[in-house]
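Undergrad: coords please:
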Amino acid sequence: MSDTGEDYKGYRGEALAKLKAMGARVWGETIITNERGSYQGIILPRSETDDDKHIVLKLETGYNIGLTAAGITKIEEVGYRKANYKIPESEFPTDAGKPNITLLGTGGTIASRLDYRTGAVIPAFSPGELYGAVPELADICNLKTRKLYGVFSENMGPEQYIATAKAIAEEVAAGVHGIVIGHGTDTMHHTASILSFMVQDLPIPVVMVGSQRSSDRPSSDAARNLICAVRTAADADIAEVVVCMFGPTSDQFNLLHRGTRVRKMHSSYRSAFRTIGDIPLARVWPDRLEMLTDDYIRRDPARTVKLDTAYEEKVTILYYYPGMRPDLVEAIVEKGYRGIVIAGTGLGHVNRPINDVLAAAIRDHGVHVIMTVQTLWGYVQMYVYDTGRDLLELGIVPCANMLPEAAFMKLSWVLGHTDDPAEVKRQMLEPINHEITPGEPHNGYLVFQGGIPEVEAFVRSILK
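TA: Numbers count the residues shown, from 1 in each chain. As a prediction, this is how the structure comes out:
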């Protein structure tokens, strides 16, 4: 066998020596035997940054394992299947009887593949490749795709928010029936929130969707999430920005979360997203929806969308922790920040040593300081204890049950319009789309969170 880079791509040291000694190669379908037993699969390339002691095998289940080269006693190549991770785009069939949906691509895991050069999941699938891989979408709608950019969600920022908002307005003006936005999950709740402020009076649903696990994994949620999101855009009576992701961890149903009340609550579960301070709007299956509330904005083709992309970048979230020092606030002020959203303890508290610097920030520098609670559930109630009342006297604005991320996005948006303290306060406390609610459901904290269906059924049975 020739000693080519393709045959041993990424391997070196002990692992490379083992492959050469046993006549094995990358993309070879092999049976590898070590002291623990035999494993059948395809030898994968290694990342440039990986060690030189392991051989990586993709098993028939789709999962990858690493086998220590020194412990391998036999490698038998029984075939050769070089992987092709590019999904060809296909012409999407059209049907005059189906609604027209636009899929806007921004990147993230739902539009990604595994890069065996670095071992990282990278944005690689175009929206066209996505629907080419999920033919079920053709049963629901006529789908047009438009790739805005391809970035991980941590790289989303004002430039992308504004471009996405404008794209939504353009698609609405073009008369589409619904819009789906493919997005990375890590900051999807931030984008859903800012779009709720930048694109108001929607006549149709804007459905954000992502996946926790990339499309090359057997446990990927990408296809199901996309199908349910397109089903929502096609059939739902909702005209808001919503997030559509797994409800339970199993493949039972998806949940629709309002853009200003949703938060990613787990790093890896497929059921990572939760509605906070309320209940989800609906359950969604690939073939139907079930509304859980009637408190939502309904479709209205006659409604004219309002595009407002104002945004002040000099805003930050300050997550309070015990022992926080005043110089942290001073540094934020010195850097010219115009707004601070505090995620405070309990009912909206911080320690007394930073009161003076907060007062100076508000009084002398015109910084707008907003209070939320890091508990996420519940309300800011700063009048209960002296600590909170002292902060109120400084001019800090309590934002009820607004989530810290929603408050951050709204303050950035509001400060893009005005710097007048009274007007900032008025706009922050005037709900646009449920970022502040008059109450929290008695069962919202425990139920309707996409948990174990058997538990929910039991709770419903005793609450008759």
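
Undergrad: I42 contacts K58, doesn't it?
TA: Yes - I42 lies in contact with K58 (Cβ atoms under 8 Å); the separation is 4.7 Å. (Each C-beta comes from the backbone N, C-alpha and C, glycine too.)

Undergrad: for the protein, what spans make up the helices?
TA: Here the chain has its helices, by DSSP state H, at 13-21, 127-133, 158-173, 188-198, 222-235, 326-334, 355-365, 386-394, 404-415, 421-429, 453-462.

Undergrad: hang on, D278 packs against R261?
TA: Yes - the pair D278 and R261 passes the contact test of Cβ under 8 Å, sitting 5.0 Å apart.

Undergrad: the more surrounded of these two?
TA: R261 (29 against 22; other Cβ atoms under 10 Å).

Undergrad: thought the more buried one was touching H434?
TA: Yes - contact criterion Cβ under 8 Å: R261 and H434 qualify, at 5.9 Å.

Undergrad: Show me whatever sits in contact with both of these two.
TA: Listed as contacting both R261 and H434 by Cβ atoms under 8 Å, 6 or more residues apart in numbering are D278.

Undergrad: show me where pLDDT drops low in the stretch 201-350 of the chain?
TA: 214-218 (pLDDT under 70).

Undergrad: Going along the chain, name the strands of it.
TA: Using DSSP state E, counting those that start in this stretch, the strands found in the stretch 201-350 of the chain span residues 206-209, 241-246, 254-258, 262-264, 273-275, 282-285, 288-291, 306-307, 315-319, 339-344.

Undergrad: got the angle for the third one vs helix 188-198?
TA: Following axes from the mean of the first three to the mean of the last three Cα atoms, to 10 degrees, one obtains 50 degrees for the angle between strand 254-258 and helix 188-198.

Undergrad: which outside residues touch strand 254-258?
TA: With Cβ under 8 Å, 6+ apart, strand 254-258 has contacts from 192, 196, 207, 224-225, 228-229, 232, 236, 238, 240-247, 273-275, 278, 280-285, 289, 296, 433-434, 450.

Undergrad: What pairs with it, parallel or antiparallel?
TA: Within its sheet, and counting by DSSP bridges, strand 254-258 is paired with strand 241-246 (antiparallel), strand 282-285 (antiparallel).

Undergrad: That strand versus helix 222-235: what angle between them?
TA: Strand 254-258 runs at 60 degrees relative to helix 222-235, counting by the same axes, to 10 degrees.

Undergrad: Next, give phi and psi for the residue positioned nearest the centre of the chain.
TA: The centroid of the chain falls nearest to T185 when counting by Cα atoms, centre = their mean (2.1 Å). Torsion angles at T185 (phi, psi; degrees, to the nearest 10) stand at phi -80, psi -30.

Undergrad: Could you check the pLDDT of it?
TA: At T185, the model reports a pLDDT of 92.

Undergrad: residues touching the residue nearest to it when sequence neighbours are not counted, list them.
TA: Leaving aside its chain neighbours, T185 sits nearest to G210 (4.0 Å; criterion: Cβ to Cβ, 6 or more residues apart in numbering). Going by Cβ under 8 Å, 6+ apart, G210 touches 108-110, 153, 182-185, 188, 225, 245.

Undergrad: what's the longest strand in the chain?
TA: Taking DSSP state E as the criterion, the chain has its longest strand at strand 72-80.

Undergrad: what do D278 and R261 both touch?
TA: In contact with both D278 and R261: 434, 437, using Cβ under 8 Å, 6+ apart.

Undergrad: And I354, how far from T375?
TA: Here the criterion is Cβ to Cβ, to the nearest Å. By it, I354 lies 20 Å from T375.

Undergrad: So what sits opposite E77 in the bridge?
TA: Beta bridges link E77 to T30 when assigned by DSSP bridges.

Undergrad: Distance-wise, check it relative to K20.
TA: 13 Å.

Undergrad: How about A69?
TA: Distance from A69 to K20, by Cβ to Cβ: 11 Å.

Undergrad: out of the two, which sits in the more crowded spot?
TA: Taking neighbours as other Cβ under 10 Å, A69 and K20 compare with A69 leading, 22 against 15.

Undergrad: and the more buried one, what does it touch?
TA: So A69 contacts 14-15, 17-18, 53-55 (Cβ under 8 Å, 6+ apart).
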